[in-house]
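Asker: structure of the sequence below:
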Amino acid sequence: MADTSSPPPDPLQAWRAMRDAATERWAKAMTELVGSEAFARTLGASIDAYLATAAPLQKAIGEYMEATLAQLNMPSREDVLGVARRLTNVETRLDDLDARLDELEAKLDNLDAALARLLTAQPGAAPEEQPSSPPRRSARRSAKETGE
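Answerer: Residues are numbered from 1 along each chain as shown. Below is the predicted model:
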């Protein structure tokens, strides 16, 4: 009778050990290769050669695309960027104008309040001359506060 307490031998164990050893050797060899000065020089030269060839090609493709877009009456990237810059400028100026209008409204509200105080402080002022309504709010400010 055979002993059933020990597990059967793994037929792939030798293959796994050989694979692991080969992987370690490759990793060590590649680390040494990539870390060498000769590899860095070679890689740098190949990248320079690629960039020297790719730059004129990229320029030609860009000019071709611009001409194609012009033929199709479509805006180029530069056209879209120009419009975006102008819109940003307009938005900034509108924000500045809005802030200045808010300042002017605040000053007008302060003047209204000061005038109301002066009118109520004068002895003998007629009651109908005194402002009875709260400080005015412009339609612009009301719309801005409601989010319209």
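
Asker: and the average pLDDT for stretch 114-121 is what?
Answerer: Average pLDDT, stretch 114-121: 90.

Asker: cool, stretch 50-62 as well?
Answerer: For stretch 50-62, the mean per-residue pLDDT is 91.

Asker: mind checking how far the longest helix seen in the chain is from the chain centre?
Answerer: Secondary structure of the chain per DSSP state H: the longest helix is helix 77-121. The chain centre lies 27 Å from the centre of helix 77-121; the measure is Cα atoms, centre = their mean, to the nearest Å.

Asker: near Thr53, how many other residues are there?
Answerer: By the measure other Cβ atoms under 10 Å, the count of residues near Thr53 is 10. (Each C-beta comes from the backbone N, C-alpha and C, glycine too.)

Asker: one more: Leu108?
Answerer: 13.

Asker: what packs against the longest helix of the chain?
Answerer: helix 139-146 (3 or more Cβ pairs under 8 Å, 6 or more residues apart in numbering; DSSP states H and E).

Asker: tell me where the model's unsure across this structure.
Answerer: Applying pLDDT under 70 to the chain flags the ranges 1-4, 123-148.

Asker: if we use 50, what do you get?
Answerer: 130 (pLDDT under 50).

Asker: how about the CA coordinates for stretch 71-85, as PDB?
Answerer: Output of stretch 71-85 as PDB, limited to C-alpha atoms (Å, rounded to 0.1, in the frame of the first residue of the first chain):
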ATOM      1  CA  GLN A  71     -12.000  74.900 -46.800                       C
ATOM      2  CA  LEU A  72     -14.800  73.400 -44.600                       C
ATOM      3  CA  ASN A  73     -15.500  76.800 -43.000                       C
ATOM      4  CA  MET A  74     -14.700  75.500 -39.600                       C
ATOM      5  CA  PRO A  75     -12.600  77.400 -37.000                       C
ATOM      6  CA  SER A  76      -9.100  76.300 -36.300                       C
ATOM      7  CA  ARG A  77      -7.600  75.800 -32.900                       C
ATOM      8  CA  GLU A  78      -6.200  79.400 -33.000                       C
ATOM      9  CA  ASP A  79      -9.600  80.800 -33.900                       C
ATOM     10  CA  VAL A  80     -11.300  79.100 -31.000                       C
ATOM     11  CA  LEU A  81      -8.500  80.200 -28.600                       C
ATOM     12  CA  GLY A  82      -8.800  83.800 -29.900                       C
ATOM     13  CA  VAL A  83     -12.600  83.800 -29.300                       C
ATOM     14  CA  ALA A  84     -12.000  82.300 -25.800                       C
ATOM     15  CA  ARG A  85      -9.500  85.000 -24.900                       C
END
